[in-house]
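Visitor: Output the structure for:
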Amino acid sequence: MQLKTFRVDGTTFIASPYRPGISIREDVFKSQFQVQCDGRFEYPEDERVWGTYHLQGILDLGECGLIEEAMSLAETCVKLHRFDLSGREDLISFSPELITIHDDQGRLVLVGQAHIRDVRWCVPVSSSAEADEVTSRVAKLNSEASFERGWDNFETARLLNRNARVLQGRLVHPIWRDHSKAAIANLAAIAA
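Guide: Below you'll find the model as predicted:
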C-alpha cells in the first residue's frame, strides 16, 4: 500500500488510509496498532521430579502503522517461533494461542488463532445481528467450560474457553470491520 506523506514545519504526516481526510504525525501513525500474543508458558516445578506447570500470559509483539503490517508481524513471529522471552529465566517453552491487534484507543481490530506455524485470522462479523449470534455462542461455550471446570475437567474447560475467545475475536469494533476484512482478503490474494 502506497502511503501519501507530506511535511509541515519539519514534521512528517501520513494521510490515513482508514479515515479519509485525516493525517497523522508519522511517529503516531507507526504505533497506531498494537500486536499481542496470548499463549501458555511452561515452567519447571520447584522440585523437578514433579514435572512442569503452565501459566497463561500475554506477550507484546510490537506496534505497526497498517493492519497488514500488524498481520505480517504476527505471522512472522508465529511461523519462526520468534518471541521476546527475555526476563523469563526458568521458562521451558511458550505455546502461542491467540494473536490480538488493537488500535491506539484499545478497540479490537483483528484476532487470529495461532495454529502450529500459521495464523488463522477470524473474519469479523458483518452486522449487529451476526454479532448478537456470536455473543450468544460465546456465552454458551463459556457456560460449557464452567460446567467442565466444576467436574475437574480443567483441560477441557481451558479448550472451551479458548474456543470462546477465538469466536469472540470476530467481534471487531465496527469502525475496523471492513478494513480488517479487506486486509484478510489482501493477505489471501498474496498467498494464492
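
Visitor: Just the pLDDT for Ala192.
Guide: Note on Ala192: pLDDT of 67.

Visitor: let me fix that: Val78
Guide: 96.

Visitor: Touching the top helix by length along the chain from outside, list them.
Guide: When the chain is parsed with DSSP state H, its longest helix is helix 128-150. Outside of helix 128-150, the residues within contact range by C-beta atoms under 8 Å, 6 or more residues apart in numbering are 125, 154, 156-158, 160-161, 163-164, 167-168, 170-171. All C-beta atoms are positioned from the backbone trio N, CA, C, and that covers glycine.

Visitor: can you pull the contacts of the residue most central in space within the chain?
Guide: Closest to where the C-alpha atoms of the chain average out (C-alpha atoms, centre = their mean) is Thr100, at 1.5 Å. If you count contacts by C-beta under 8 Å, 6+ apart, Thr100 has them with Val35, Gln36, Cys37, Asp38, Leu108, Leu110, Val111, Gly169.

Visitor: and if we set it to 7 Å?
Guide: Thr100 sits next to Gln36, Asp38, Val111 when contact means C-beta atoms under 7 Å, 6 or more residues apart in numbering.

Visitor: Could you measure from the last one over to Ile184?
Guide: Spelled out, that is Val111. As defined by C-beta to C-beta, to the nearest Å, Val111 lies at a distance of 11 Å from Ile184.

Visitor: neighbour count winner among the two?
Guide: Between Val111 and Ile184, counting by other C-beta atoms under 10 Å, Val111 is the more crowded of the two (25 against 19).

Visitor: how many other residues sit next to Ile175?
Guide: Other residues within reach of Ile175 by the criterion other C-beta under 10 Å amount to 13.

Visitor: Now it: closest residue in space, sequence neighbours ignored.
Guide: Nearest residue to Ile175, sequence neighbours excluded (C-beta to C-beta, 6 or more residues apart in numbering): Arg107, at 7.2 Å.

Visitor: Verify the stated contact: that neighbour with His173.
Guide: Yes: the pair Arg107 / His173 is scored as a contact, 3.9 Å apart, by C-beta atoms under 7 Å.

Visitor: Show me which of these two is the more surrounded one.
Guide: When Arg107 is set against His173 and neighbours are counted by other C-beta under 10 Å, the residue ahead is His173, at 15 against 12.

Visitor: Phi and psi next, for that one.
Guide: Dihedral angles of His173 (phi, psi; degrees, to the nearest 10) stand at phi -60, psi 140.

Visitor: Quick check: it vs Ile22, distance?
Guide: For His173, the distance to Ile22 equals 17 Å [C-beta to C-beta].

Visitor: what's the answer for Gly39, then?
Guide: Here the criterion is C-beta to C-beta. By it, Gly39 lies 34 Å from Ile22.

Visitor: ok, these two, which is more surrounded?
Guide: Each of Gly39 and Ile22 had its neighbours counted (other C-beta under 10 Å), and the higher figure belongs to Gly39 (21 against 11).

Visitor: Need the residues that contact whichever strand or helix holds Ile190.
Guide: Assigned by DSSP states H and E, Ile190 belongs to helix 177-191. When contacts are defined by C-beta under 7 Å, 6+ apart, helix 177-191 is touched by residues Tyr18, Ile67, Glu68, Met71, Val109, Leu110, Trp121, Val123, Pro124, Val172.
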